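1. output the structure for:
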Amino acid sequence: MDHASRRYLRILFGIAAAVILPVLVLNLLLGERSLGSPEVTEEASRWQQRTRGVTYPPPMNKTRPFKTLRLIDRLPEINAVIFGASSSMSITQEMFPPDVRIYSFTSVANQTAWLLAEAEYVQRHFGDRVRHYFLSLDWSVGMIYLPTVPPELELTREAALSPDRRGEAPLHKRLEDALSVPRLKSLFQALRYVARAPDRVAAFRGVFLQSGGEEYRCPDGTVARDFDVVRRGYCVGYRYDGSWTFGDQKYLTPAHVAVLAQAAAAPSSKYAEWLLKSGGIPNPVYLQRFSALNRAIRKSGGRAVYYMPALIPGMQEIFLASPQLGPKLRETMAILDDWARRDGVVIVDMGPSERYGCLAQEFLDEHHAYPGCFARILERFRAEDAAGRVAPGIWRPERG
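-> Here you go, the predicted structure:
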C-alpha cells in the first residue's frame with residue numbers, strides 16, 4: 001500500500017471515529033440513564049410529593065417501585081386505590097366524589113396476576129384506611145386468561161429501593177445496543193430537545209449527566225420535571241393522583257375507529273389471540289383469589305368494584321358478532337357474570353364505550369381511552385349505583 005493510500009485510510013478512519021465516538025459515548029450515557037436506579041426513583045418520588053407535579057423515573061415498563069413509594073406517601077390522604085394496566089391510567093381524582101380519595105396504582109403492561117397480588121397486599125397491610133378498591137378485568141389484551149401465577153409482592157419502601165439485580169450486559173452487547181437504530185433515534189430526540197432549550201448547557205447536563213432535568217410548566221400550569229431521557233418537555237408522566245398525562249399522544253377519528261375495530265376482530269389480531277387460546281375461559285385461579293380478596297375487603301368494611309376497560313366505539317359489538325370470537329367472548333362474559341353474582345360484586349363493562357357516549361377522538365388506540373371517556377362512564381355508573389339500579393354481576397347501560 002503506497003503512502004497516499006495509507007494517508008487516505010487514516011483520514012477516513014479518523015473522520016469515522018470523530019463521528020462514531022461521540023455518538024457511542026452519548027448513547028452509552030443515555031442507555032445507563034434509561035435503566036433508572038433506586039436513587040432516581042427516590043428522587044422523583046420525593047420531588048412529586050413536595051411539588052405535586054408530573055413526573056416518573058425510567059424505565060417506563062418498570063415503575064412499580066416508584067408507584068410503591070408514591071402509594072406509601074399518599075396513604076394518609078387516600079381511601080381508594082385503582083389497580084390496572086395502562087388502559088386504566090386515564091382515570092383521575094376528578095372523576096370521583098370528594099369523599100373518595102384515590103391513588104391510581106396502574107402501570108404499563110400490569111397483568112391481572114400482578115394487580116391481584118398488589119390488591120391483596122394493600123388489603124392485608126392498609127385495609128384499615130383503604131375502603132374502595134377498583135380492579136381491572138381486561139379481556140381485550142388477554143390479561144384475565146394468562147397462566148401467570150400471582151407473585152409474592154412487598155410494597156414497602158425497602159423493597160422499592162432495593163439494588164437492581166438485572167446485572168450489566170457484556171461490553172460488546174452494550175456497544176452494539178448503543179449503535180442500534182432505536183438508540184440512535186432516542187439520541188436524536190434528546191439532542192433535538194437540547195438544541196431547542198433556552199439554556200442548552202443546562203439542558204445537556206440534565207439529559208446526559210444529571211438524574212433529572214429542570215422544572216417547567218405543563219399546558220395546564222402544573223409543574224413538571226423529566227427524569228426520563230427522551231420526550232423531554234412534553235409533560236409526559238404520572239400526576240400526583242397516579243394517573244397518566246398522555247401529554248404527547250395522538251387522537252383517533254371516526255374513520256380510524258371504523259378501520260381499527262374491524263381489524264381488531266380479525267382472528268389473527270393481538271386482541272383475539274388469548275381469547276382464542278383460552279376458549280374464552282378466564283384463569284380460574286384469579287377468580288378464586290379475587291373471591292378471597294372480596295371477603296377480606298367486606299370484612300374490613302370496604303367495597304370492591306371491578307371493571308372491564310373501555311374500548312373504541314363499536315369494537316366489542318364487532319367481537320360479539322364474529323362467528324369465531326363471539327361465542328368465546330360470550331363465554332367470558334357468562335363466567336364473569338356468574339362469578340360476580342355469587343360473590344356479590346359489580347363488574348362495570350366499559351367495553352361498549354359508545355353506550356356511555358364516548359367518542360372516537362377520546363381514544364389513543366383500540367384500548368386506551370382518554371379522561372373524557374372515563375369521566376362519562378364513571379358519572380353514569382355512580383348515578384345508577386346511587387339510585388340502586390346496579391346489582392351484582394356485569395353492569396352496562398341499556399342501548400341508546
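2. which residues of the stretch 301-400 of the chain fall in helices?
-> 315-321, 326-343, 371-386 (DSSP state H, counting those that start in this stretch).
3. please tell me how far the longest one is from the chain's geometric centre.
-> Offset of helix 326-343 from its chain centre (CA atoms, centre = their mean, to the nearest Å): 26 Å.
4. which parts of that helix are buried?
-> 326, 328, 329, 331, 332, 333, 335, 336, 337, 339, 340, 343 (16 or more other CB atoms under 10 Å). In this view, the C-beta of every residue, glycine as well, is placed from N, C-alpha and C.
5. got it, and stretch 120-131?
-> 120, 121, 122, 123, 126, 127, 130, 131.
6. wait, which of those is closest to residue 55?
-> residue 122 (22.7 Å; CB to CB).
7. which strands or helices does the helix or strand harbouring that closest one pack on?
-> Assigned by DSSP states H and E, residue 122 belongs to helix 112-126. Where contact means 3 or more CB pairs under 8 Å, 6 or more residues apart in numbering; DSSP states H and E, helix 112-126 is packed against strand 80-83, strand 132-136, helix 284-299.
8. packing partners of the shortest one?
-> What it means is strand 80-83. Using 3+ CB pairs under 8 Å, 6+ apart as the test, strand 80-83 ends up in contact with strand 102-104, helix 112-126, strand 132-136.
9. where does the stretch 151-300 of the chain dip in pLDDT?
-> 164-188, 190, 193-194, 203-210 (pLDDT under 70).
10. okay, strands next: where are they in it?
-> 216-217, 223-224 (DSSP state E, counting those that start in this stretch).
11. tell me the strands beside the first one, with direction?
-> Using DSSP bridges, the strands paired with strand 216-217 are strand 223-224 (antiparallel).
12. how close does residue 137 sit to residue 316?
-> As judged by CB to CB, to the nearest Å, residue 137 and residue 316 stand 14 Å apart.
13. again, but for residue 344
-> If you go by CB to CB, the gap between residue 344 and residue 316 works out to 25 Å.
14. these two - which one has more neighbours?
-> residue 316 (27 against 13; other CB atoms under 10 Å).
15. returning to what we had before: got JSON lines for the helices and strands packed on strand 80-83, with mean pLDDT and distance to residue 162 too?
-> Shown next, in JSON lines, are those (pLDDT from 0 to 100; distance: least, CB to CB, whole Å):
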{"stretch": "strand 102-104", "mean pLDDT": "98", "distance to residue 162": "22"}
{"stretch": "helix 112-126", "mean pLDDT": "98", "distance to residue 162": "16"}
{"stretch": "strand 132-136", "mean pLDDT": "98", "distance to residue 162": "26"}
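16. so which of these gets nearest residue 70?
-> strand 102-104 (7.0 Å).
17. show me the helices in the stretch 101-250 of the chain, by range?
-> Under DSSP H, counting those that start in this stretch, the stretch 101-250 of the chain gives helices at 112-126, 157-160, 171-178, 181-196, 200-208.
18. and the spatially closest residue to residue 151 that is not a sequence neighbour, what does it touch?
-> Among residues not flanking residue 151 along the chain, residue 117 sits closest, at 5.4 Å (CB to CB, 6 or more residues apart in numbering). The contact partners of residue 117, taken as CB atoms under 8 Å, 6 or more residues apart in numbering, are 150, 151, 152, 153.
19. any idea how far the third one is from residue 74?
-> Which is residue 152. 23 Å.
20. more neighbours: those two, which one.
-> residue 74 (19 against 8).
21. the nearest residue to the more buried one once chain neighbours are set aside pairs with what?
-> Sequence neighbours aside, residue 103 is the residue nearest to residue 74 in space, at 4.7 Å (criterion: CB to CB, 6+ apart). Legend: beta-bridge partners of residue 103 under DSSP bridges are residue 81.
22. residue 70 is in contact with residue 103, correct?
-> Yes - between residue 103 and residue 70 there is a contact under CB atoms under 8 Å: 7.0 Å.
23. overlap in contacts, these two.
-> Joint contacts of residue 103 and residue 70 (CB under 8 Å, 6+ apart) are residue 242.
24. now do the contacts for residue 131.
-> Contacts of residue 131 by CB under 8 Å, 6+ apart are 79, 80, 300, 301, 302, 303.
25. from residue 202, how far out is it?
-> Taking CB to CB, one finds residue 131 at 45 Å from residue 202.
26. same thing with residue 307?
-> From residue 307 to residue 202 the distance is 44 Å (CB to CB).
27. the more surrounded of those two?
-> Taking neighbours as other CB under 10 Å, residue 307 and residue 202 compare with residue 307 leading, 25 against 14.
28. need the pLDDT of that one.
-> At residue 307, the model reports a pLDDT of 98.
29. surely it meets residue 137?
-> Yes - when contacts are counted by CB under 8 Å, residue 307 is listed as touching residue 137 (7.1 Å).
30. joint contacts of the two?
-> Common neighbours of residue 307 and residue 137 (CB under 8 Å, 6+ apart) are residue 347.
31. wait, which of the helices of the stretch 301-400 of the chain is closest to residue 273?
-> That would be helix 326-343 among those, by CB to CB, at 11.6 Å.
32. report the separation between residue 151 and residue 113.
-> 7 Å.
33. for residue 373, that is, sorry about that
-> For residue 373 relative to residue 113 (CB to CB), the value is 27 Å.
34. the two: which is more packed in?
-> residue 373 (23 against 20).
35. and the pLDDT for the more buried one?
-> Taking residue 373 on its own, its pLDDT is 98.
36. pretty sure it is in contact with residue 360, am I right?
-> No - counting by CB under 8 Å, residue 373 does not reach residue 360; the two are 10.0 Å apart.
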